[in-house]
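1. structure here, sequence nowhere to be found:
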Ligand code: NI
């Protein structure tokens, strides 16, 4: 098949791009060199309308020979503040910064896809838009900035890929409905009245009250709400006091909320508030609650997901298509899936035999580069599938000029 041949030809280049990006990782909102690298590479492909929607993002449009739908393919480009502990010959040269989530691979795969589809331009009916997004790892996230900058204008559907080291290479995972969790945080300040530790009856003790707030927050999951709702409320910080013999004035409690159901998600701030208000009132304290909504849940659209699944089965056989449960991690692809029918695909990139077993965000994280080829083919085939172009028939008839 022609697509496979083209992917094969581009494979080494995709690996080379990935290794370059891995060597020079940049943190969220600081992807200046990465974005320039992507921009320069795209310019060599020809026939693309390239723009910079924000300071560190890049978009390229491939407008086909005939009118049709517009689909967008998305890759994120940022790295993490982690000190790399790998020992291969392309480890990070930026101290304390590492591509520990595979975004180097995502960017390289989307570049490869852009190169291949540009060569197939005469077959494209409609438009393919390549979105190279900055800052997935840091709130408020780059995706929503790009949406605000108008990258989805005229777009019908969006596809995103994430490499996953916990799924073996050769397999592809898809979630039905929610793919990642809504990830929100909260800060509660309990305001009591401090005093001497020997006279607690003269104080309003924010530590004792805070302890009760924490236990009562545990009732939200499975007491206030159905235990079958996929929801996590975790208190992750409790700060107060600084001396053995002083009851402090205040205590600060912070935590994280993960949820898969958008309606339930909206109800949580009120439930947290009820708990804090009830407990503090009972003990004559007052409170401040700040609840921050983070990334919403990535939701796969059934129709788009079914088309993608059909295509994966054609590509790799049904044995290699896994239905995955939603991840409780957050992902700002949701800024796109909130706006347009979308599908977020998990491409297996782990390999037990090669020792590629570390989870994402680990200092020894890496992925099997064989997954890159699969990702590129998946992006290319999804484009044809979603644009409604029968790739195999037309591709075999056409003649292609390799650049
Ligand atoms: Ni990631």
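-> Nice, I can see it. Given the structure is predicted, the values throughout are model-derived calculations rather than measurements.

2. CA atoms for contacts and neighbours, from now on please.
-> Noted.

3. shaky segments in this structure?
-> Along the chain, segments meeting pLDDT under 70 span 1, 391-403.

4. hang on, residue 330 is in a strand, isn't it?
-> No: using DSSP: H, G, I helix; E, B strand; the rest coil, the secondary structure at residue 330 is coil, not a strand.

5. isn't it up against residue 183?
-> Yes: the pair formed by residue 330 and residue 183 meets the contact definition of CA atoms under 8 Å, at 5.6 Å.

6. give the residues shared as contacts by these two.
-> Shared contacts of residue 330 and residue 183, defined by CA atoms under 8 Å, 6 or more residues apart in numbering, comprise 295, 296, 297.

7. would you map the strands across this structure?
-> 49-51, 58-63, 66-76, 125-133, 157-168, 172-174, 182-191, 195-196, 231-240, 246-247, 250-259, 286-292, 321-323, 342-350 (DSSP state E).

8. how far does the last one sit from the chain's center?
-> For strand 342-350, the separation from the chain centroid amounts to 11 Å (computed by CA atoms, centre = their mean, to the nearest Å).

9. on that earlier part again, most packed of the strands of the chain?
-> Of all the strands of the chain, strand 342-350 has the most neighbours on average by mean count of other CA atoms under 10 Å, namely a mean of 27.

10. does anything pack onto that strand? Which helices or strands?
-> strand 157-168, strand 172-174, helix 302-316, helix 370-387 (3 or more CA pairs under 8 Å, 6 or more residues apart in numbering; DSSP states H and E).

11. those: which one's closest to residue 149?
-> Of all these, it is strand 157-168 that lies closest to residue 149, at 16.2 Å by CA to CA.

12. what angle sits between the closest one and helix 370-387?
-> 150 degrees (axes from the mean of the first three to the mean of the last three CA atoms, to 10 degrees).

13. quick one: strands adjacent to strand 157-168?
-> When pairing is defined by DSSP bridges, strand 157-168 lines up against strand 66-76 (parallel), strand 342-350 (parallel).

14. would you reformat those as CSV and include distance to residue 379?
-> Below are the strands paired with strand 157-168 laid out as CSV (distance: least, CA to CA, whole Å):
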stretch, distance to residue 379
strand 66-76, 7
strand 342-350, 10
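
15. and the residue nearest the centre of this structure?
-> Nearest to the geometric centre of the chain sits residue 331, at 3.0 Å (CA atoms, centre = their mean).

16. and it, backbone torsions?
-> Backbone torsions of residue 331, given as degrees, to the nearest 10, read phi -160, psi 130.

17. would you mind measuring from it to residue 149?
-> Per CA to CA, to the nearest Å, residue 331 is found 19 Å from residue 149.

18. just residue 228 next, same as before
-> 38 Å.

19. could you do residue 188 as well?
-> For residue 188, the distance to residue 149 - CA to CA - is 34 Å.

20. and what of residue 281?
-> Applying CA to CA to residue 281 and residue 149 gives a distance of 45 Å.

21. who are the neighbours in contact with residue 57?
-> 31, 35, 131, 132, 133, 134, 146.

22. how about JSON lines for those, with distance to residue 374 added?
-> Below are the contacts of residue 57 laid out as JSON lines (distance: CA to CA, whole Å):
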{"residue": "31", "distance to residue 374": "26"}
{"residue": "35", "distance to residue 374": "24"}
{"residue": "131", "distance to residue 374": "19"}
{"residue": "132", "distance to residue 374": "19"}
{"residue": "133", "distance to residue 374": "21"}
{"residue": "134", "distance to residue 374": "23"}
{"residue": "146", "distance to residue 374": "27"}
